[in-house]
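> Sharing a model prediction with you, sequence too.
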There are 2 protein chains.
Amino acid sequence: MKNSTSFDCPDENMNNSRAADELIRHFVELINTGQLKEGEPLPTERKIVETLGVSRTVVREAILSLANKGLVEARHRYRPVVRKSDFDAAFDTINDVVSRILVEPGSVKYLYDTRVLIESILVRRAATDATKEDILALKQALANNSEAIGDSESFYQTDMAFHSILYQIPQNPVLPAIHRAYTAWLSPRWLLMPSNEEKNQTNFEAHRKIYEAILMRDPDAAEERLCEHLTYAWNQVKDYLNDDQI
Amino acid sequence: MKNSTSFDCPDENMNNSRAADELIRHFVELINTGQLKEGEPLPTERKIVETLGVSRTVVREAILSLANKGLVEARHRYRPVVRKSDFDAAFDTINDVVSRILVEPGSVKYLYDTRVLIESILVRRAATDATKEDILALKQALANNSEAIGDSESFYQTDMAFHSILYQIPQNPVLPAIHRAYTAWLSPRWLLMPSNEEKNQTNFEAHRKIYEAILMRDPDAAEERLCEHLTYAWNQVKDYLNDDQI
DNA sequence: TTGAGTAGTTTGGTCATACTAAAAGACACA
DNA sequence: TGTGTCTTTTAGTATGACCAAACTACTCAA
């Protein structure tokens, strides 16, 4: 009564290596139900072999897949341990595909535009919803940014830090993860661009205007200033990169 | 002068299986530089063995990793072929981590809130930027939605279709990919919820109001209507799911 | 000549075994 | 009790073998 014959079972067996897939499902189940807790190591490969009755090849394939999916962390020569699965981990697992995509002309701009879109709504919400503490955090970030104008390296850091506050305000852990992902994906291109004090000054002024618009509880102005700022930044980068790098 | 001894080279060799990683980098390179084109099959495992001088074990691990990363597509018993790497593919590769995250209480709400955030700015942009064609597409989607009020299955489809128009308007391929991802991740929970004509009617009216606000070129109203709509939808779902399902 | 059926070959999936080097654990010694 | 060394365990790798499915080329009949 089983469909274990060699027929085409389109939705179940066709896709991948059946044996390893079963193992993967097994461990995903264990992890999701909490029978394997975060930080806990998986059984040793040989233990799995004798427990589940499969070959070590299959076990290794399964573990490798789990590692690639980001469910476990497999350090060299260590037992793989169940990984904390947060939204940061999710973005980590697509780094390779994304960097593959970003070599395609035009894709960096597309990604950047979505960042503009997201930060647009974030500054709006900041303008309407920011608490005193949020405003203070922005003010502090702005001060740090101002002090770093002379040093391009730390200016970049404080620049990112200022923007990251915007992602923290809605108290939603997905948003900081998005920001980290954007930073990881876009910064390699950004860092190719030479920097100077004049540009830093301009960018700082832009940050200040955004901050002030938020302070005035004016979402339209905040969004407007942000878009100006990010458009300026994009044009700066565009001029310094070859066409095939954006 | 090489660091190929067995010392700890923290940033290079420590992380993973060195041999397979080198192979992976090799193929990633080939793919990114276009020496392996989209749809083209990788060499056979045995060919790679003799060309690169590594064991088949390592080759298989490397190929498996590439498949997991979404760079190649490895169907059962077929040669793995280089996969089209678009933003949709990127989201596909994190399905497992995300569904792992979504079993965690509260995470569905977090994800849903980011959807609200994104659609908020999308309706604003629709109100300010939508072309005649965009408006027509919305109108058509709305009409389809209206006709489906009596049939909950197709109402859900037309509901999604209406929202998807919003993601298409900025002409940025990242956005439809985001929408598809949201749909894939959230719909399993949504579909648990029983539906009825009355609810469908309410949701349709909400869509109509959003459409009209866009038609009036009123971004504030559009955002307001959208948030009302999505908040209502969330409350509907919340009432029908157990606490540990959201 | 052409098309379908068939036999042989190739290739991915799996298993078993062996070896190496590093990690983990046990143990003796100071 | 703390420390250094030895042994055991284990992940990483290599090799060879086998199976079944996919592919290829050939044969044979219409």
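Good, I have the coordinates. Residues are numbered from 1 along each chain as shown, chains lettered A, B, ... in the order given.

> Who are the contact partners of the residue nearest the centre of chain A?
Nearest to the mean C-alpha position of chain A, counting by CA atoms, centre = their mean, stands residue A:181 at 2.3 Å. Going by CB atoms under 8 Å, 6 or more residues apart in numbering or on different chains, residue A:181 touches residue A:91. C-betas here are computed from N, CA, C, even on glycine.

> can you list contacts of the lowest-mean-pLDDT helix or strand in chain A?
Least confident element among the helices and strands of chain A, by mean pLDDT, DSSP states H and E: helix A:18-32 (a mean of 87). Applying CB under 8 Å, 6+ apart, the contact partners of helix A:18-32 are A:15, A:35-36, A:42, A:48, A:52, A:54, A:58-59, A:61-62, A:65-66, A:71-72, A:82, B:76, B:96, B:100, B:103.

> do the helix or strand just after it and chain B meet?
Using DSSP states H and E, the helix or strand that follows helix A:18-32 towards the C-terminus is helix A:45-52. No - legend: contact between helix A:45-52 and chain B by CB under 8 Å from any CB of the partner chain is lacking; minimum distance shown is 13.0 Å.

> out of the contacts of helix A:18-32, which are buried?
A:36, A:42, A:48, A:52, A:54, A:58-59, A:61-62, A:65-66, A:71-72, A:82, B:96, B:100 (16 or more other CB atoms under 10 Å in any protein chain shown).

> What does the pLDDT read for residue A:89?
Note for residue A:89: predicted pLDDT of 88.

> That one in helix, strand or coil?
helix (DSSP: H, G, I helix; E, B strand; the rest coil).

> check contacts around it.
A:70, A:83, B:97.

> and those as a markdown table, adding distance to DNA strand D, neighbour count and secondary structure?
Listed next are those as a markdown table, based on distance: CB to the nearest atom of the strand, whole Å; neighbours: other CB atoms under 10 Å in any protein chain shown; DSSP: H, G, I helix; E, B strand; the rest coil:
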| residue | distance to DNA strand D | neighbour count | secondary structure |
| --- | --- | --- | --- |
| A:70 | 16 | 24 | coil |
| A:83 | 15 | 21 | coil |
| B:97 | 20 | 22 | helix |
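
> I would like the residues contacting whichever strand or helix holds residue A:101, please.
Residue A:101 is located in helix A:95-102, with elements delineated by DSSP H and E. Residues outside helix A:95-102 that contact it (CB under 8 Å, 6+ apart) are A:107-108, A:111, A:184-185, A:189, B:28, B:31-32, B:69-71, B:85-87, B:89-90, B:93.

> how far off helix B:18-32 does it point, in degrees?
Relative orientation of helix A:95-102 and helix B:18-32, computed by axes from the mean of the first three to the mean of the last three CA atoms, to 10 degrees: 20 degrees.

> and helix A:95-102, how far out from the chain's middle?
12 Å (CA atoms, centre = their mean, to the nearest Å).

> got the buried residues for the helix or strand hosting residue A:225?
Using DSSP H and E, residue A:225 sits within helix A:219-240. Going by neighbour count (16+ other CB under 10 Å), the buried part of helix A:219-240 is A:219, A:221-226, A:229-230, A:233-234, A:236-237.

> Does anything pack onto that helix? Which helices or strands?
helix A:107-129, helix A:197-215 (3 or more CB pairs under 8 Å, 6 or more residues apart in numbering or on different chains; DSSP states H and E).

> mind running it again at 10 Å?
Judged by 3 or more CB pairs under 10 Å, 6 or more residues apart in numbering or on different chains; DSSP states H and E, helix A:219-240 is in contact with helix A:107-129, helix A:152-168, helix A:174-190, helix A:197-215, helix B:219-240.

> Pull out the CA atoms of it and give them to me as PDB.
Below are the C-alpha coordinates for helix A:219-240, written out as PDB (Å, rounded to 0.1, in the frame of the first residue of the first chain):
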ATOM      1  CA  PRO A 219       5.800  63.400   8.500                       C
ATOM      2  CA  ASP A 220       5.600  65.000   5.100                       C
ATOM      3  CA  ALA A 221       8.700  67.100   5.600                       C
ATOM      4  CA  ALA A 222      10.500  64.100   7.200                       C
ATOM      5  CA  GLU A 223       9.800  61.900   4.200                       C
ATOM      6  CA  GLU A 224      10.700  64.700   1.800                       C
ATOM      7  CA  ARG A 225      14.100  65.300   3.600                       C
ATOM      8  CA  LEU A 226      14.800  61.700   3.700                       C
ATOM      9  CA  CYS A 227      14.200  61.200   0.000                       C
ATOM     10  CA  GLU A 228      16.400  64.100  -0.800                       C
ATOM     11  CA  HIS A 229      19.100  62.700   1.400                       C
ATOM     12  CA  LEU A 230      19.000  59.200  -0.100                       C
ATOM     13  CA  THR A 231      18.700  60.500  -3.600                       C
ATOM     14  CA  TYR A 232      21.800  62.600  -3.100                       C
ATOM     15  CA  ALA A 233      23.600  59.600  -1.600                       C
ATOM     16  CA  TRP A 234      22.700  57.500  -4.500                       C
ATOM     17  CA  ASN A 235      23.900  60.000  -7.000                       C
ATOM     18  CA  GLN A 236      27.200  60.300  -5.200                       C
ATOM     19  CA  VAL A 237      27.700  56.500  -5.400                       C
ATOM     20  CA  LYS A 238      26.500  56.300  -9.000                       C
ATOM     21  CA  ASP A 239      29.200  58.700 -10.100                       C
ATOM     22  CA  TYR A 240      31.900  56.600  -8.600                       C
END
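
> Just give me how far that helix sits from the chain centre.
On CA atoms, centre = their mean, the centre of helix A:219-240 falls 21 Å from the chain's centre.

> and the direction of that helix versus that of helix B:219-240, what angle?
Using the same axes, to 10 degrees: helix A:219-240 against helix B:219-240 is 100 degrees.

> orientation of helix A:219-240 relative to helix A:197-215 in degrees?
160 degrees.

> for chain A, which spans come out with low pLDDT?
Applying pLDDT under 70 to chain A picks out residues A:1-17, A:243-246.

> which stretch of helix or strand covers the residue of chain A found nearest chain B?
For chain A and chain B, the shortest gap (CB to the nearest CB) falls at residue A:68, measuring 3.3 Å. Element membership for residue A:68, per DSSP H and E: helix A:56-69.

> for the next helix or strand after that helix, packing partners?
The helix or strand immediately downstream of helix A:56-69 is strand A:72-73, counting by DSSP H and E. Other elements packing on strand A:72-73 under the criterion 3+ CB pairs under 10 Å, 6+ apart are helix A:56-69, strand A:81-82.

> what residues does the last one touch?
Looking back up the chat, that one is strand A:81-82. A:27, A:30-31, A:34, A:36-42, A:66, A:71-75 (CB atoms under 10 Å, 6 or more residues apart in numbering or on different chains).

> thinking again about what came up before, from the contacts of helix A:95-102, keep the buried residues only.
In the contacts of helix A:95-102, burial by neighbour count holds for A:107-108, A:111, A:185, A:189, B:28, B:31-32, B:69-71, B:85-87, B:89-90, B:93, counting by 16+ other CB under 10 Å.
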